[in-house]
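**Student:** Sequence first, predicted coordinates after that:
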Amino acid sequence: MKTLLALTAACIVCIFGSAARAQFPQAAPLPPLLYVKLLGPKGMQVSVLSGNAPAQTFAAPCVFGLRPGYSYRLAISGVPGFGGQIFYPTLEARGSLFTSPTMRAADFPAALALSAEDFAKVNADITIKRVLVLERPDVALPEASKPDAPPEINVPASRDIFNESRERGLALLVMRMGGRTFTPEEIAEHNVPGTILSPNEKTLGPPAAPPWIQWACYPLLDPTLGPVPFSEYVTVYDGGDVGLSAGFNREGRLKGLDPSDTVVEYIDSQGVKRLACSNRIGLCIPRFVVYASEYGISNQIMRWTTLATRSTKAQATYIADQGFLEHSQRLQLEGASSRQKASASVQTAGLVVTGRVDGVDVKGTARGTAVIDGLKVPPLMEPAEGPLCIIKWPDKMAALVGDILTFTLKYTNTGGRPITNVVVSDSLTSRFEYVPGSAKTDRETIFTTEPNDAGSQILRWEITGTLQPRESGIITFQVRVR
């Protein structure tokens, strides 16, 4: 037993020691690479050293593929205004971007932008920290952004930047710059071969050592709700009716139109106001948010508290009048009557003999049988009342921040009776911004917009006239991805 334990300990030391630079055995498939786009002032250059391979230098902007679970040291030079000074940022890849098999993670790189102000702070003995977070679309900031300039949130040094970032999504990359410098030998020893895909490389071999940031490669598991599907971090949903169900209040006004909902209201041939919702679609539009923090060699924090506090709380009365959100009533048939006419008329004539005896002379007439038939006339059937159907689709299923998407709405009267007062309402999510003047339709409409709770807009089309049975209408509009 002691011999077995000694062999096990020796194997652990061999795998995680410095002698483990050879390829290690893989127990599970490696996660996809995290692609990072480094940006900076014009003239900035990024150098990469790994193992015994020669150093490679690339002009910014440049894109690197990083394996999750490892940390990396880079050398940045050629920054305007800083002479021949070299800066040494350290990157930690804590996760990756999972996409569908038809898409490439390389098409959605995470932008890491460094400014001249950042380098000046490093010269002033200030360490800067950046955390790139894959934002969840359901809690997205209602701010316009660009692929190379993601939204940035500043976090005071006294607060934990990782706790702040968890409220927004998954932390995939951590960058620290400042504090100390490194020699080329230290950089080459730190970077594990087989973990960095340079811009001029097409393939990457297996890593020479196991990852040491394994705990951060996967999102935390909620013991009650279970794991959050990774698609929830990259998919922007639109259309349908989610959240509070859309409906009409006592005044007949539309309520419950949440961001991303698409509904249509109309009046049927009986004068009843009805509502229909579109299908729901999902688009792959990942967005990164940067959490920024900085700290010096030392910090001084002073807290003041009140010596005495008095509070008076008066009695409060709250009165609210809330109508029914939904009302239903069963009606039973009290009576039924109908008029039924004869569907056919049949008449049969038999043999008729008429005779007169006048001596020995007998005269008679004979008439054969005859049948008179008629066709059955079916009763007239009134056309059935059918619902209004609305379908929504985009021109593409994946996009980058700043791209233009075109949505199409098609509404159809599927019934046999005309309908009127058709109004189509589309509430945009915080990730979409309506392009003014892009709304078009093939029927005469009144188009209006108004802000919604998500920091975007509600688009509304009032279709004039009557929509006859089997008639359709087309609406198109464009949005800019935030």
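**Tutor:** Here it is on my side, so go on.
**Student:** Which residue ranges make up the domains of this protein?
**Tutor:** With domains defined by automatic domain parsing, the chain comprises 28-127+178-224, 234-286+385-481.
**Student:** looking at those domains, which is closest to K146?
**Tutor:** Across these, K146 has its closest neighbour in domain 234-286+385-481 (5.3 Å, C-beta to C-beta). Quick note: C-beta positions are derived from backbone N, CA and C, even for glycine.
**Student:** and the end-to-end length of the closest one?
**Tutor:** 13 Å (C-alpha to C-alpha, to the nearest Å).
**Student:** 47 is where my numbering starts, stick with that
**Tutor:** Let's use 47 as the start, then, which means that last one is domain 280-332+431-527.
**Student:** and the domains of the chain, which one's lowest on average pLDDT?
**Tutor:** Mean pLDDT is lowest for domain 74-173+224-270 among those, at a mean of 90.
**Student:** For the stretch 147-296 of the chain, which segments count as strands?
**Tutor:** Residue ranges of the strands in the stretch 147-296 of the chain, as given by DSSP state E, counting those that start in this stretch, are 156-159, 173-181, 198-200, 215-223, 242-243, 281-285, 293-294.
**Student:** and these as a markdown table, adding distance to R326 and mean neighbour count?
**Tutor:** A markdown table is the format used below for the strands of the stretch 147-296 of the chain (distance: least, C-beta to C-beta, whole Å; neighbours: other C-beta atoms under 10 Å):
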| stretch | distance to R326 | mean neighbour count |
| --- | --- | --- |
| strand 156-159 | 28 | 21 |
| strand 173-181 | 20 | 22 |
| strand 198-200 | 30 | 13 |
| strand 215-223 | 22 | 21 |
| strand 242-243 | 36 | 22 |
| strand 281-285 | 5 | 21 |
| strand 293-294 | 18 | 16 |
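**Student:** And these: which comes nearest Y312?
**Tutor:** Closest approach to Y312 among those (C-beta to C-beta): strand 293-294, 11.9 Å.
**Student:** Which other helices and strands does that closest one contact?
**Tutor:** Strand 293-294 is packed against strand 300-301, strand 319-323, with contacts defined by 3 or more C-beta pairs under 8 Å, 6 or more residues apart in numbering; DSSP states H and E.
**Student:** Export the ones you listed as JSON lines, with columns for mean neighbour count.
**Tutor:** Formatted as JSON lines, the helices and strands packed on strand 293-294 follow (neighbours: other C-beta atoms under 10 Å):
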{"stretch": "strand 300-301", "mean neighbour count": "14"}
{"stretch": "strand 319-323", "mean neighbour count": "16"}
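**Student:** Spit out the contact partners of the residue lying closest to D284 once chain neighbours are set aside.
**Tutor:** Using C-beta to C-beta, 6 or more residues apart in numbering and skipping residues adjacent in sequence, the residue nearest D284 is S306, 5.1 Å away. The neighbours of S306, taking C-beta atoms under 8 Å, 6 or more residues apart in numbering as the test, are 283-286, 288, 473-475.
**Student:** which SSE is S306 in?
**Tutor:** In this assignment (DSSP states H and E), S306 forms part of neither any helix nor any strand.
**Student:** same thing with the one 3 residues further on?
**Tutor:** When secondary structure is defined using DSSP H and E, the element that contains V309 is strand 308-313.
**Student:** Likewise for L446?
**Tutor:** Using DSSP H and E, L446 sits in no helix or strand.
**Student:** What separation is there between it and F334?
**Tutor:** Applying C-beta to C-beta, to the nearest Å, the value for L446 to F334 is 11 Å.
**Student:** same thing with R176?
**Tutor:** Relative to F334, and taking C-beta to C-beta, R176 is found at 11 Å.
**Student:** ok, now Y118?
**Tutor:** According to C-beta to C-beta, Y118 stands 18 Å off from F334.
**Student:** Return the alpha-carbon coordinates of the helix or strand hosting E496 using PDB.
**Tutor:** Applying DSSP H and E as the criterion places E496 in strand 491-497. Listed next in PDB are the C-alpha coordinates belonging to strand 491-497 (Å, rounded to 0.1, in the frame of the first residue of the first chain):
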ATOM      1  CA  THR A 491     -50.300  52.200 -42.400                       C
ATOM      2  CA  ILE A 492     -49.700  54.800 -39.700                       C
ATOM      3  CA  PHE A 493     -46.200  54.200 -38.200                       C
ATOM      4  CA  THR A 494     -45.300  55.500 -34.700                       C
ATOM      5  CA  THR A 495     -42.500  54.900 -32.200                       C
ATOM      6  CA  GLU A 496     -42.200  55.300 -28.400                       C
ATOM      7  CA  PRO A 497     -39.500  54.400 -25.800                       C
END
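**Student:** Now distance to A151 too, for the helices and strands packed on strand 293-294, in CSV please.
**Tutor:** Compiled in CSV, these are given as follows (distance: least, C-beta to C-beta, whole Å):
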stretch, distance to A151
strand 300-301, 41
strand 319-323, 33
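**Student:** So which of the ones you listed is nearest L137?
**Tutor:** Here strand 319-323 is closest among those (C-beta to C-beta), at 45.0 Å.
**Student:** Give me the contacts around the closest one.
**Tutor:** 286-287, 292-294, 298, 300, 307-314, 433-436, 467.
**Student:** So among the residues you listed, which ones count as buried?
**Tutor:** The neighbour count (16 or more other C-beta atoms under 10 Å) marks 286-287, 292-294, 300, 307-312, 314, 434-436 as buried among those.
**Student:** of all those, which comes closest to R113?
**Tutor:** For those, the nearest to R113 is G286 (38.1 Å; C-beta to C-beta).
**Student:** Relative to L95, which of the strands of the stretch 147-296 of the chain is closest?
**Tutor:** Checking the strands of the stretch 147-296 of the chain against L95 by C-beta to C-beta gives strand 242-243 as the closest, at 9.6 Å.
**Student:** follow-up on the earlier one: who's more crowded, L446 and F334?
**Tutor:** Neighbours per residue, other C-beta atoms under 10 Å: of L446 and F334, the larger number sits with F334, 23 against 14.
**Student:** OK, contacts around P245?
**Tutor:** With C-beta under 8 Å, 6+ apart, P245 has these contacts: 104, 108-110.
**Student:** swap that for C108, sorry
**Tutor:** Applying C-beta under 8 Å, 6+ apart to C108 gives the contacts 83-84, 92, 245.
**Student:** Need the max-distance pair from those residues.
**Tutor:** By the measure C-beta to C-beta, K83 and V92 form the most distant pair in the contacts of C108, at 10.9 Å.
**Student:** neighbour-wise, which of those two wins?
**Tutor:** More crowded of K83 and V92, by other C-beta under 10 Å: V92, with 23 against 17.
**Student:** Just confirm that one is within a helix.
**Tutor:** No - assigned with DSSP: H, G, I helix; E, B strand; the rest coil, V92 falls outside any helix and is strand.
**Student:** Just grab the bridge partners of the residue nearest the centre of the chain for me.
**Tutor:** The chain has V282 as the residue nearest its centroid, 1.0 Å off, counting by C-alpha atoms, centre = their mean. Beta-bridge pairing for V282 (DSSP bridges): L329.
**Student:** contacting residues around it?
**Tutor:** The contact partners of V282, taken as C-beta under 8 Å, 6+ apart, are 183, 328-331, 475, 477-478.
**Student:** Which one (most neighbours) among those?
**Tutor:** The residue in the contacts of V282 with the most neighbours, by other C-beta under 10 Å, is R477 (29 neighbours).
**Student:** Now do the contacts for that one.
**Tutor:** Applying C-beta under 8 Å, 6+ apart to R477 gives the contacts 183, 186, 282, 331, 333, 527-528.
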